[in-house]
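Visitor: below: sequence and its predicted model.
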There are 2 protein chains.
Amino acid sequence: MARMTRGTRRAGSALDPVPASGVSADDGGLEAAPSAPSADGPEPDLPPLQRIQSLPSWLIGRVAARGRGLVAEALAEQGVKMMHHAVLAAVAELGPIAQADLGRRLAIDPKDLVGILNDLQADGLTVREPDPRDRRKNAVTVTPAGRDLVERCAAAAETANAQLLAPLAPAEARRLMALLARLHEA
Amino acid sequence: MARMTRGTRRAGSALDPVPASGVSADDGGLEAAPSAPSADGPEPDLPPLQRIQSLPSWLIGRVAARGRGLVAEALAEQGVKMMHHAVLAAVAELGPIAQADLGRRLAIDPKDLVGILNDLQADGLTVREPDPRDRRKNAVTVTPAGRDLVERCAAAAETANAQLLAPLAPAEARRLMALLARLHEA
DNA sequence: CGTCTACCGTTGGAACTCCCAACGAATTGC
DNA sequence: GCAATTCGTTGGGAGTTCCAACGGTAGACG
């Protein structure tokens, strides 16, 4: 609650030496901290660059964010949001499918899936009809319009993904995907 | 507006063949969609499994989500949120640093950084003092308590990351990191 | 000198994701 | 028949990410 900002106003020290470019491979030597990172024992070793932010989780997170942005941007040109495209594509691929199965496949919260399917249905891209075998379930199906749209969106998404993997040779991209798949199935 | 649910109630078809297990490597052959994905020309090739959701962006996103969860869980035991740890570690590493530079380094929105630094400062982990050279800037510094905490948090984060990369041999993990680093520097 | 532009920290708000709890309807097991 | 479970849906809330705007400050230029 009592969250104060701007407390003690004392004199400080130099602050500029951070160039903040995006390369992150080479910084000028600028560890001029007045505190004592070089006089306390318990630091075993510190890598040349960022100590914590070069962790796998951070790196993967950054790359994932960039990929998400690229795909979202590409899909925005088609007027489709990312999750809407994912659901639409999944419905187009897996014939008629129940909402719960859809949510489990795509790791989408059932609550959010309701809204997404409402939007897709309002746009005439998917149809919900009750499953005669299990009247609790909704059989979700694509309409021809939905199938057309998912085609264009898939092309846009693949372009964005190619852009994401552009720095890698095809063989390297395959290796990356294989390693990530192993982590995903864990 | 006018978002209808539960419209036309007609008879459907089979709906059960989705096992929804997590393996994703082998599905039983179940492409029994009554519509025509096999009669239209413009599809060049469709991979054996999920067509869209095996895209790099999706796979990376899923792995990133798992990594984020693991790190967040490990850090929660120390009572620290992920971004708080990231900021604290960055401040500890890069001497006194301005908030804007911090935000650019970690790709954090300035708004969110304000809240994070307020929390860290309220807990006595960091200090903001105005930079005498540029009175617009805040020089953020770690306190000894912050330096102690970041040490424990770094250990927890590294454990979580090891858990994330557990399915990979050390050489494979290094290769994955190298590939991701190339994508990140793009 | 004054003005203009750009940056700094800060605030407010929107959009999206995720989690938990509940309900009526319907299915399954006993 | 009856209990337990599942399904779709609604509701609320926490958390994250991003955008637009503001007053205060610094630097560039005339």
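Guide: Thanks, I have it.
Visitor: could you report the neighbour count for A:Lys81?
Guide: 14 (other C-beta atoms under 10 Å in any protein chain shown). C-beta: built from backbone N, CA, C; applies to glycine.
Visitor: was I right about it contacting A:Ala72?
Guide: Yes: here A:Lys81 lies in contact with A:Ala72, judged by C-beta atoms under 8 Å, at a distance of 7.5 Å.
Visitor: interface residues of chain A facing DNA strand D?
Guide: With C-beta under 7 Å from any atom of the strand as the criterion, chain A comes near DNA strand D at residues A:65, A:69, A:98-101, A:103, A:110-111, A:113-114, A:117-118, A:128, A:134, A:136-138.
Visitor: check the offset of the helix or strand where A:Gly103 lies from the chain's centre.
Guide: In the assignment (DSSP states H and E), A:Gly103 maps to helix A:99-106. On the basis of C-alpha atoms, centre = their mean, to the nearest Å, helix A:99-106 sits 19 Å off its chain's mean C-alpha point.
Visitor: same thing with stretch A:80-91?
Guide: Mean C-alpha position of stretch A:80-91 versus that of the full chain (C-alpha atoms, centre = their mean) differs by 14 Å.
Visitor: do stretch A:70-85 as well
Guide: Averaged C-alpha coordinates place stretch A:70-85 at 13 Å from its chain's average position (C-alpha atoms, centre = their mean).
Visitor: give me the contacts around it.
Guide: Residues from elsewhere that reach stretch A:70-85, judged by C-beta atoms under 8 Å, 6 or more residues apart in numbering or on different chains: A:68, A:88, A:106, A:108, A:112, A:116, A:119-120, A:149-150, A:152-153, A:156-157, A:159-161, A:163-164, B:52, B:55, B:57.
Visitor: which of these are buried?
Guide: A:68, A:88, A:106, A:108, A:116, A:119-120, A:149-150, A:153, A:156-157, A:160-161, A:163-164, B:52, B:55, B:57 (16 or more other C-beta atoms under 10 Å in any protein chain shown).
Visitor: if we can go back for a sec, summarise which helices and strands the helix holding A:Gly103 is packed against.
Guide: Here helix A:99-106 is seen to pack against helix A:82-93, helix A:110-122, strand A:138-142 when contacts are counted using 3 or more C-beta pairs under 8 Å, 6 or more residues apart in numbering or on different chains; DSSP states H and E.
Visitor: can you map out the helices along chain A?
Guide: Secondary structure of chain A (DSSP state H): helices located at A:56-76, A:82-93, A:99-106, A:110-122, A:144-164, A:170-185.
Visitor: and the ones you listed as TSV, adding mean pLDDT and distance to B:Glu185?
Guide: Formatted as TSV, the helices of chain A follow (pLDDT from 0 to 100; distance: least, C-beta to C-beta, whole Å):
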stretch	mean pLDDT	distance to B:Glu185
helix A:56-76	95	10
helix A:82-93	94	25
helix A:99-106	93	30
helix A:110-122	95	34
helix A:144-164	94	13
helix A:170-185	94	14
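Visitor: check these for me and report the most buried one.
Guide: Among those, helix A:82-93 has the highest mean neighbour count (mean count of other C-beta atoms under 10 Å in any protein chain shown), at a mean of 23.
Visitor: now do that helix against helix A:56-76, angle only.
Guide: An angle of 80 degrees separates the directions of helix A:82-93 and helix A:56-76 when computed by axes from the mean of the first three to the mean of the last three C-alpha atoms, to 10 degrees.
Visitor: just the CA trace of helix A:82-93, in CSV.
Guide: Below are the C-alpha coordinates for helix A:82-93, written out as CSV (Å, rounded to 0.1, in the frame of the first residue of the first chain):
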residue,chain,number,x,y,z
MET,A,82,-3.7,-15.3,-33.7
MET,A,83,-5.8,-17.5,-31.6
HIS,A,84,-8.7,-17.2,-34.0
HIS,A,85,-6.5,-18.5,-36.7
ALA,A,86,-5.2,-21.3,-34.6
VAL,A,87,-8.7,-22.5,-33.7
LEU,A,88,-9.9,-22.1,-37.3
ALA,A,89,-7.0,-24.1,-38.7
ALA,A,90,-7.4,-26.8,-36.1
VAL,A,91,-11.1,-27.1,-36.9
ALA,A,92,-10.4,-27.2,-40.6
GLU,A,93,-7.9,-30.0,-40.1
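Visitor: contacts only, for the residue of chain A found nearest DNA strand D.
Guide: With C-beta to the nearest atom of the strand as the measure, A:Ala100 is the residue of chain A nearest to DNA strand D, at 2.7 Å. In this structure, A:Ala100 makes contact with A:110, A:137, judged by C-beta under 8 Å, 6+ apart.
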